[in-house]
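Participant: The sequence and its predicted three-dimensional model are supplied below.
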Amino acid sequence: MVTLATQPRRLEHVLSSDQFDRGLLEDVFARADALAGRRDTRLAGRIMATLFYEPSTRTRLSFESAMLRLGGAVIGTEAAREFSSAIKGETLEDTIRMVSQYADVIVLRHDQAGAAARAAAVASVAVVNAGDGPGEHPTQALLDLYTIRSELGSADGVHIAFCGDLRFGRTVHSLAQLLRLHEGVRMTFVAPEVVQVGSDLQARLAAAGVPFRLTDRLDEVISTVDVVYQTRVQKERFTDLDDFEAARRSIRIDRAVMRALPRRAIVMHPLPRVDEIATEVDEDPRAAYFRQARNGVAIRMAVLDLLLG
Ligand code: ASP
């Protein structure tokens, strides 16, 4: 068994990136380093419920893999809107009250921002926000930050270009908040107006003194960035198809863009990709997105250990 310093429990739920400070981040990353690639029995007898009202591949399976690797057990439902009592009209709150009786932690993905906080308000066990509509996706941000640190050595001083759907892309919202805890970070938000980053996040970054700018031209900044964080246009969140079409034609990373990217920079993407990164980029050593996805298991082991260990 891996031995880690025992610390008082500092997390009851994981709902937002806002909950993390540098000390807690170091704790998560130290646990992830210690647990990566291991099998352990530290969560034997504990049960994790995955309740997914929106599709997922990586988040659900990496959480399940993480729990099994720690000796715990997994129950759950995907397509919870159809396959749970939601279809009979049960409220999220009632469902959570019930699932709290069956599991020690609930990993929830939902289509409404704020759903995880609503769940935590009535849950008698830990709740993890695994994506709440256009809101946040804090465990993705943890694995993204872990990736930046392992690829570049440190997140301090990085210039990151967030590209694509910055309005609905919850992973962007969560990662920008974690990066604001780092020294000397600069952010450029590269998107057409219709999916540019919201005023809330801009206000929070300004209040934290983080220098950032908005543009729709990646070519203006590509040669100065350390990280390109590309995202999918979140088709499912648009009510206006013209807006979606306008957004869909936005920034695409291909071989020509890679030629202008510095040699030591990396390209990240939370996945799934549609066509916003050409497959010809995959062979480039700077394409970090599959390595990034691999970090999900170790980070989620660390999060479960922190919540239940
Ligand atoms: N998988 C990520 C999320 O759940 C990104 C995406 O869906 O585009 O937010």
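Facilitator: Structure's in. What do you need?
Participant: Up against the ligand, what does the stretch 201-309 of the chain have?
Facilitator: Residues of the stretch 201-309 of the chain lying near the ligand by Cβ under 6 Å from any ligand atom: 232, 270. In short, each C-beta sits where N, CA and C put it, glycine included.
Participant: Now do Thr77 against Ala119, distance only.
Facilitator: Taking Cβ to Cβ, to the nearest Å as the measure, Thr77 falls 14 Å from Ala119.
Participant: So between these two, which is more surrounded?
Facilitator: Ala119 (26 against 17; other Cβ atoms under 10 Å).
Participant: helix or strand for that one, which one?
Facilitator: According to DSSP states H and E, Ala119 maps onto helix 115-122.
Participant: by contact count, what packs against that helix?
Facilitator: Judged by 3 or more Cβ pairs under 8 Å, 6 or more residues apart in numbering; DSSP states H and E, helix 115-122 is in contact with helix 92-102, strand 105-110, strand 126-132.
Participant: for the lengthiest helix in the chain, packing partners?
Facilitator: Assignment by DSSP state H gives helix 289-308 as the longest helix of the chain. When contacts are defined as 3+ Cβ pairs under 8 Å, 6+ apart, helix 289-308 packs onto helix 22-35, helix 58-69, strand 105-110, strand 126-132, helix 138-152, strand 266-268.
Participant: Can you convert these into JSON lines and add a column each for mean neighbour count and distance to Leu15?
Facilitator: Listed next are those as JSON lines, based on neighbours: other Cβ atoms under 10 Å; distance: least, Cβ to Cβ, whole Å:
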{"stretch": "helix 22-35", "mean neighbour count": "17", "distance to Leu15": "14"}
{"stretch": "helix 58-69", "mean neighbour count": "20", "distance to Leu15": "15"}
{"stretch": "strand 105-110", "mean neighbour count": "26", "distance to Leu15": "10"}
{"stretch": "strand 126-132", "mean neighbour count": "26", "distance to Leu15": "5"}
{"stretch": "helix 138-152", "mean neighbour count": "24", "distance to Leu15": "7"}
{"stretch": "strand 266-268", "mean neighbour count": "25", "distance to Leu15": "23"}
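Participant: For the ones you listed, give me TSV that also has distance to Ile253 and mean pLDDT.
Facilitator: Below are these laid out as TSV (distance: least, Cβ to Cβ, whole Å; pLDDT from 0 to 100):
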stretch	distance to Ile253	mean pLDDT
helix 22-35	27	97
helix 58-69	20	98
strand 105-110	27	98
strand 126-132	23	98
helix 138-152	16	98
strand 266-268	6	98
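Participant: Is Ile96 in contact with Val105, as I believe?
Facilitator: No: counting by Cβ atoms under 8 Å, Val105 is not a contact partner of Ile96; they are 12.0 Å apart.
Participant: shared neighbours of those two, anything?
Facilitator: Common neighbours of Ile96 and Val105 are listed as Val127 (criterion: Cβ atoms under 8 Å, 6 or more residues apart in numbering).
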